[in-house]
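Trainee: mind folding the following:
(2 chains)
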Amino acid sequence: MSFESFSSASLLAAFIVYNLAFLVFVLSILGKRWSRRDPSAHTRRWGWFAFLLAAAGFVCHLLFFFTRWYGSGHIPTSNMYEFMTFLAMMIMFAFIIVYLIYRIPVIGVFALPVAVIIIAYASVFPSEAQPLIPALQSYWLKIHVTTAAAGEAFFAVGFAGGLMHLLRTVEYKSDSRKAKREQQGVEFTLFVIVMIIAFVASTFLFHASGYEARFSTQITQTDKAGNEQTVDQTTDYVLPPIVKPHGSTIVSMKPFLGIDKPLFEAPAWMNGVNAGRKLNTVIWSVILGLVLYAVLRLVARRRLGEAIQPILNGMDPEDLDEISYRAIAIGYPVFTLGALIFAMIWASEAWGRFWGWDPKEVWALITWLFYAAYLHLRLSRGWQGKPSSWMSVIGFLVVMFTLIGVNLVIAGLHSYAGV
Amino acid sequence: MRIENTKCECGHQNYAGTVLCESCGKPLYDDHGSEPLEMRYDGVARRSQRGNPTWLDRIWNFFSSVKIAIYLILITLAASVLGTVYPQENTFINLDPSTYYKQTYGTTGEIYYLLGLSHTFDSWWYRLLLFMIGTSLVICSLDRVLPLYRALNKQQIRKHPGFLSRQKVTLTCDIAEPGDQTSQEQWVQTMASVLRKRHYRVHTDGTALMAEKYRFSRWGPYINHIGLIIFLLAALARSIPGWHMDQYMGFIEGQTLKIPNTPYYLKNEKFTVDFYKPEEMSDKFRQRDLIVPKMYETQAVLYQCTSRCGTADPVLKEVARHPIRVNDPLNYHGFMAYQFDYKETPRLISVTPSLRNKQTGEVYGSIELDMNNPQKSYQAGPYRLELKSYFPDFGLDEHGQPMTKSNEPKAPAFIFTITGPGMEKGQPYLYFPRMIDKDTYRQDDVNGAVGQLLDLSVGSMEGVKIAQYTSYLNIRVDKALPYIWFGAAVSMIGLVMGFYWQHRRVWLRVDDGKLLLGAHTNKNWFGLRKEVAAALGKAGIEADPKTLETGRKTL
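Mentor: Numbering: from 1, shown residues only, chains lettered A, B, ... in the order given. Reported below is the predicted structural model:
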């Protein structure tokens, strides 16, 4: 068994154990109603068991990380797959810290899914270890990426806490305009999460079924000597093409549900790298997200937020609010150090400037400014509770855009971390 | 103008704008409420709250507002988002932005360019935003830190009951018989020693107690702001002449170039690039069949010019030598050279052809022709070759006249006048070192009779020196860098101080056997409640952390 496959097996084990831990966390809260035991003793015992499971999963995750490091000879944080699995590991680390401070099992019900979804999302990206290009050959790769991810992981736990606070405090019985707006906001957040799950699941299913389609586009390139030449660029689809890249021809396409050619063509202005495929992925995600959401709604027979709310009924909203704030307060200095200061030191060593307004740098700054606004609003303007929770949810969205969106949508110097 | 009576009933004279008496803590407004008190900055008056403002006060008041600071942060945030929509102008080296954005991104691109968003981060308004944030940092901090320092520096131990009962963490209960002064004082002493064990600094005054820990964490935000101000000033200082230089230069192997505006010359002695071998890649990656560079390096020598600088033959003194790699620049007293990029550009450096008699096969001798700096004349045996003209990048203009297309030796051509036995008057001779040019421009036909007799050519590849690569270096000077790092370090220290410690205070007083306790922290109420409950437990009062909390909203 090679290091590469042992490592992958460890990650799979971690993934499964995390899922189990999540289920036990849920049981620790729901179970207290149907067992005849003392409810708080039940929650304490099963919560503790779930926590130990989560910690065991974390150990498997560490095993994955270090065997992969040993196998490839460099720290596995150099492409999207490696970074996302690492981020999930740091989220589990942040969860363990916050859990040990507050010892409230319900944190596990919300923090674990964040880590699980991120691992699942990571596996959409090519998983092979890549040789390190010269720009990444520096010990700052270890320092900068790990610290930045640790800071972001605490923001992720802050997001989980904020979402918990919102789910706990949104009034589903009320008809007031404010309550309605909050209900819709929570529901939309949950829909986005459902959509990501649908996207990951569909990518896996189509990949496993061996579906593929290939398009070729003629693009004109200017080479370094200034000569124009036409090259064929092929784009491979994993998901059945609803839209094809602009100006492309079908090389091969397996029929899907009897449809053997794409329904639409991407508009001409979408001419970025693989823009057609990305648009196709977005369309699929929205469709499948809606389908999965509809199924869940039918099963629950009410809004998802309303269905989840009972889990949180025993919780003190102010504690949830504080957990969210605390996680962000722990994460903020770490993020500043890792994503800005260490990044600047490395940039100054590798590229000769500590700051170059590269999109990734700017988005790290945007994240930092956003949480700076969050902290000032909270500490000086008294924004606690709901407004603060909304900001922690939006803040995590900004973090994820910085990590993934910038690579997928905006090109820049950090493009080696791309798909 | 409103005249306020700012004297508290305890006799302390407060500044106008004070919310809680600086001495006893009695709420000066909203005297009879029961809501938890607003404890920000301990209720002291800030400079910006003084009455009768002058225009300077008005500016001060504007920038001292946290609300304004948050608006500035959010506007900067939004501007930064817009700045990343399309690539900024400075990411391209040669580009006409007025047409590029329209051609590449259509109408939205044109609007983007016309709004000036294509150079967001160099624009005056973005700079102004950063400058305003800097001003706000200075003024907000000064406005608060001085009064806060004063308030924390002279705290009274016995606080007003209205102050204690309206803290977020509070407790009242009976602990002794109303007349029993000794047991009351004893209990306060027990509590004092319990709190001391928890690292509190405890002050008692009979039956009143004040305990405090980690006050330094209150200064964290201000230290962080000072760090940020230093950082911003350092970034601003880069516009001081001579503090900042940034240029990109291409060095062909073997080439020495003058670095503009400096006394330095830099030579690329050798450039090497290494690629990953297939066996160094993982199994799956190998299938992608990509070429990945492993390492590239410029053997660089830095010279300082001592005289005749800028002329064709300057006097140079070697001062530094370093293999420059990505992540490993050359650094000579703040003069930095970074490996930026490389390009495969096969170029002739020099050739060493021999002059040969075509009929007899006799070899007269060889000459060394330098493509960058050829000599005026050469001697090969009895023949003398005077260089009449040199075309590094040979071509013909519209009149069929020879010309050079560039200064780079892409297609070098030499025109000599050969004098020697049999040609005393001197004959013109055209020489192309590259075989392909020799054929294209029909060297032998042009040379005519001389070409029949003499042949100048290179026997083997040994006589040819080729530079394979051009190494692109980024030449920099940045004198602000140490201050940048200093500012960042200060800011980081402030953040750690402010976020990883919390300022906790516990006050209590016992009046007529009745305990009144209040506690405050600037962060982490959960921890404070737990700590107060545990301390009370040690002193014989059972309290649940939850019941200590007042004014909680019930849902």
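
Trainee: and for the residue minimising distance to the centre of chain B, nearest residue in space, chain neighbours not counted?
Mentor: Nearest to the centroid of the C-alpha atoms of chain B, with distances taken as CA atoms, centre = their mean, sits residue B:484, at 7.7 Å. In space, and not counting its chain neighbours, residue B:484 is closest to residue B:234: 4.6 Å by CB to CB, 6 or more residues apart in numbering or on different chains. C-beta here means a position set from N, CA and C on the backbone, and glycine is covered the same way.

Trainee: thinking again about what came up before, wait, the residue nearest to the centre of chain B sits on residue B:232?
Mentor: No - counting by CB atoms under 8 Å, residue B:232 is not a contact partner of residue B:484; they are 9.7 Å apart.

Trainee: need the phi and psi values for residue B:460.
Mentor: Backbone dihedrals for residue B:460, given as degrees, to the nearest 10, come out at phi -140, psi 180.

Trainee: to clarify, my last question referred to residue A:381.
Mentor: Main-chain torsions, residue A:381, degrees, to the nearest 10: phi -110, psi 10.

Trainee: how near is it to residue A:41?
Mentor: 42 Å (CB to CB, to the nearest Å).

Trainee: show me chain A divided up by domain.
Mentor: A:3-172+A:317-417, A:193-302 (automatic domain parsing).

Trainee: for chain B, which of those domains is the nearest?
Mentor: domain A:3-172+A:317-417 (3.4 Å; CB to the nearest CB).

Trainee: packing partners of the strand or helix carrying the residue nearest to the centre of chain B?
Mentor: Taking DSSP states H and E as the definition, residue B:484 sits inside helix B:481-500. Counting contacts by 3 or more CB pairs under 8 Å, 6 or more residues apart in numbering or on different chains; DSSP states H and E, helix B:481-500 packs against helix A:317-335, helix A:343-350, helix B:220-237.

Trainee: okay, the ones you listed, which one's buried deepest?
Mentor: Comparing these by mean neighbour count (mean count of other CB atoms under 10 Å in any protein chain shown), helix A:317-335 comes out on top with a mean of 24.

Trainee: that helix packs against which elements?
Mentor: helix A:80-102, helix A:140-169, helix A:359-380, helix A:386-400, helix B:481-500, helix B:525-538.

Trainee: which stretch among the helices and strands packed on helix B:481-500 comes nearest residue B:290?
Mentor: With CB to CB, the closest approach to residue B:290 among those belongs to helix A:343-350: 21.5 Å.

Trainee: got a list of contacts for that closest one?
Mentor: Outside helix A:343-350, the residues that touch it by CB atoms under 8 Å, 6 or more residues apart in numbering or on different chains are A:135, A:138, A:140-141, A:143-144, A:148, A:353-356, A:361, A:364, B:326-327, B:329, B:338, B:481, B:484-485, B:488.

Trainee: between it and helix B:481-500, how big is the angle?
Mentor: In terms of direction (axes from the mean of the first three to the mean of the last three CA atoms, to 10 degrees), helix A:343-350 departs from helix B:481-500 by 150 degrees.

Trainee: how much does helix A:343-350 deviate in direction from helix A:359-380?
Mentor: Going by the same axes, to 10 degrees, helix A:343-350 makes 160 degrees with helix A:359-380.

Trainee: distance from helix A:343-350 to the middle of the chain?
Mentor: Taking CA atoms, centre = their mean, to the nearest Å, one finds helix A:343-350 lying 26 Å from the centre of the chain it belongs to.

Trainee: restrict that helix to CA atoms and write it as PDB.
Mentor: The C-alpha trace of helix A:343-350 is given here as PDB (Å, rounded to 0.1, in the frame of the first residue of the first chain):
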ATOM      1  CA  ALA A 343       1.700  36.700   3.700                       C
ATOM      2  CA  MET A 344       3.400  40.100   3.400                       C
ATOM      3  CA  ILE A 345       6.700  38.700   4.700                       C
ATOM      4  CA  TRP A 346       6.600  35.900   2.200                       C
ATOM      5  CA  ALA A 347       5.500  38.100  -0.700                       C
ATOM      6  CA  SER A 348       8.300  40.500   0.100                       C
ATOM      7  CA  GLU A 349      10.800  37.600   0.000                       C
ATOM      8  CA  ALA A 350       9.500  35.800  -3.100                       C
END
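
Trainee: the inter-axis angle of that helix versus helix B:220-237?
Mentor: Using the same axes, to 10 degrees, helix A:343-350 lies at 30 degrees relative to helix B:220-237.

Trainee: who's in contact with the closest residue to residue A:339 other than its chain neighbours?
Mentor: By the measure of CB to CB, 6+ apart, the closest residue to residue A:339 outside its immediate chain neighbours is residue A:148, 3.9 Å from it. The contact partners of residue A:148, taken as CB under 8 Å, 6+ apart, are A:335, A:338-339, A:342-343, A:364.

Trainee: and what of residue B:113?
Mentor: Applying CB under 8 Å, 6+ apart, the residues near residue B:113 are B:97-98, B:100-102.

Trainee: and it, what helix or strand is that in?
Mentor: With DSSP H and E as the test, residue B:113 turns up in helix B:97-114.

Trainee: neighbours of residue B:449, how many?
Mentor: As a burial measure, residue B:449 scores 9 neighbours (other CB atoms under 10 Å in any protein chain shown).

Trainee: what residues sit buried inside the host helix or strand of residue A:198?
Mentor: Assessed by DSSP H and E, residue A:198 sits inside helix A:177-208. By neighbour count with 16 or more other CB atoms under 10 Å in any protein chain shown, helix A:177-208 contains the buried residues A:182-183, A:185-187, A:189-191, A:193-200, A:202-203, A:206.

Trainee: measure the residue of chain B positioned farthest from its centre to residue B:384 for me?
Mentor: For chain B, the C-alpha farthest from the mean C-alpha position belongs to residue B:422; by CA atoms, centre = their mean, that distance is 70.5 Å. According to CB to CB, residue B:422 and residue B:384 sit 13 Å apart.

Trainee: what does residue B:479 give?
Mentor: From residue B:479 across to residue B:384, the span is 54 Å (CB to CB).

Trainee: am I right that residue A:296 is in a helix?
Mentor: Yes - membership of residue A:296 in a helix is supported by DSSP: H, G, I helix; E, B strand; the rest coil.

Trainee: what's around it, how many residues?
Mentor: By the measure other CB under 10 Å, the count of residues near residue A:296 is 14.

Trainee: got the contact list for it?
Mentor: A:194, A:304.

Trainee: what are the ranges of the strands in the stretch 101-250 of chain B?
Mentor: Along the stretch 101-250 of chain B, the stretches classed as strands by DSSP state E, counting those that start in this stretch are B:169-174, B:201-205, B:208-213, B:244-252.

Trainee: on that earlier part again, most neighbours among the contacts of residue B:113, which one?
Mentor: residue B:101 (24 neighbours).
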